[in-house]
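[1] Below: sequence and its predicted model.
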Number of protein chains: 2
Amino acid sequence: MIYTVGEMAKQLDVTASTLRYYDKEGLLPFVERSNGGMRMFKDEDISWLKIIECLKKTGMSIKDIKHFIDCCMEGDSKIDERLTIIESQRDTVIKQMKEMQEMLDMLNYKCWYYETAKKAGTCAVHDDMQVKNVPKEYHKYLNQK
Amino acid sequence: MIYTVGEMAKQLDVTASTLRYYDKEGLLPFVERSNGGMRMFKDEDISWLKIIECLKKTGMSIKDIKHFIDCCMEGDSKIDERLTIIESQRDTVIKQMKEMQEMLDMLNYKCWYYETAKKAGTCAVHDDMQVKNVPKEYHKYLNQK
DNA sequence: TATTGACTTAAAGTTAACTTTAAGTTGTAG
DNA sequence: CTACAACTTAAAGTTAACTTTAAGTCAATA
């Protein structure tokens, strides 16, 4: 199957101009053109776009994604570098997820804080809250508003 | 203890101008001033800055953080809205973490892909790779480059 | 009291990642 | 063959979140 930029955009839930922008930035060297100059996306290009999406969603810049794609186009001589880039991005994601978990922990505490305040009708309930009435997992947040 | 903007910035590992920018945007209405106009950060302000950091790191815009802080300054009449905002942000983070896990799964597959290619000296090893030699958790990525 | 480093504000500048616009071309349906 | 929707590029515009600059002020130390 062959798709136009608009059809491909719809499939990937991005705009056509985003795909054109990626192409302009050199992220899509694998996309072929018709005689008239129209982009022709192939089914296998979806795999490329999914890895681009993955790198983008995990915070890699367009410039660095281009570098990775360039390495891919170079072929087997760049396997080492491609592996290094992906490993490094994986480590980045692991760090991001740890940080996310910490943020989630804090938001869970805040939810408990406001649920408790809501029941009491006032945040003042926390001023004279006894530590034993605070769930253990939230102790580290005490003395926070 | 009282801290200047520079001291507070160092503690939080941000620049002083970032804190001034947040203040200008209305995120720090709780920060007091000296007679001469200098910002005076108190120890309890660190709690405020940590929740701001949490909201920011989980993708909330400055504008929406300001709205939350404004609700906080309003007092008990806004407990409901504060709870709703925090619950919604928690849900957002849970979604973000699920997506992150999917990205991590894909990066793990790519690592395996390049490790295998590296051992073989060529990516062509994947062209005639038998499914039984691909770890089960990676089967969903087959037919991807 | 003079120096000096850190502070103050307002305003302009930066950056990334798009998005929009304008002018023109392609390709399909009737 | 004509319409016309969707494509093309180049260039300008947008947005968020800072960052930098400039001109001046504060406050701690010698």
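    Yes, it's here.

[2] gap between the residue positioned nearest the centre of chain A and DNA strand D?
    Nearest to the geometric centre of chain A sits A:Lys57, at 2.5 Å (CA atoms, centre = their mean). Using CB to the nearest atom of the strand, to the nearest Å, A:Lys57 is found at 17 Å from DNA strand D. All C-beta atoms are positioned from the backbone trio N, CA, C, and that covers glycine.

[3] And for the closest residue to that residue other than its chain neighbours, the neighbour number?
    Excluding its sequence neighbours, the residue lying closest to A:Lys57 (CB to CB, 6 or more residues apart in numbering or on different chains) is B:Met103, at 5.7 Å. Other residues near B:Met103 come to 22 when the count uses other CB atoms under 10 Å in any protein chain shown.

[4] Which helix or strand contains B:Met103?
    helix B:79-120 (DSSP states H and E).

[5] For that helix, which helices and strands make contact with it?
    Judged by 3 or more CB pairs under 8 Å, 6 or more residues apart in numbering or on different chains; DSSP states H and E, helix B:79-120 is in contact with helix A:45-57, helix A:79-120, helix B:62-74.

[6] In a markdown table: the ones you listed, plus mean pLDDT and distance to DNA strand C.
    As requested, the helices and strands packed on helix B:79-120 are exported to a markdown table (pLDDT from 0 to 100; distance: least, CB to the nearest atom of the strand, whole Å):
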| stretch | mean pLDDT | distance to DNA strand C |
| --- | --- | --- |
| helix A:45-57 | 98 | 6 |
| helix A:79-120 | 98 | 13 |
| helix B:62-74 | 98 | 13 |
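
[7] Could you check stretch A:26-37 against chain B for contacts?
    No: counting by CB under 8 Å from any CB of the partner chain, chain B is not contacted by stretch A:26-37; separation bottoms out at 9.0 Å.

[8] For that stretch, could you pull out the residues that count as buried?
    Judged by neighbour count using 16 or more other CB atoms under 10 Å in any protein chain shown, the buried positions of stretch A:26-37 are A:27-28, A:30-31.

[9] can you pull the contacts of A:Asp43?
    A:Met1 (CB atoms under 8 Å, 6 or more residues apart in numbering or on different chains).

[10] at 10 Å instead, please
    A:Asp43 makes contact with A:1-3, B:143, according to CB atoms under 10 Å, 6 or more residues apart in numbering or on different chains.

[11] same question, A:Tyr109
    By CB under 10 Å, 6+ apart, the contact list for A:Tyr109 reads A:134-135, A:137-142, A:144, B:51, B:54, B:86.

[12] repeat that for 6 Å
    By CB atoms under 6 Å, 6 or more residues apart in numbering or on different chains, the contact set of A:Tyr109 is A:138, A:141.

[13] ok, now how distant is the residue nearest to A:Met100 when sequence neighbours are not counted from B:Leu55?
    Nearest non-adjacent residue to A:Met100, counting by CB to CB, 6+ apart: B:Met97, 5.1 Å away. Look at B:Met97 and B:Leu55: by CB to CB, to the nearest Å, they are 16 Å apart.

[14] Looking only at neighbour counts, state which of the two leads.
    B:Leu55 (24 against 17).

[15] Which residue is the nearest non-sequential neighbour of that one?
    B:Ile65 (5.0 Å).

[16] same deal with A:Ser34?
    In space, A:Ser34 is closest to A:Met40, 5.6 Å off (CB to CB, 6+ apart).
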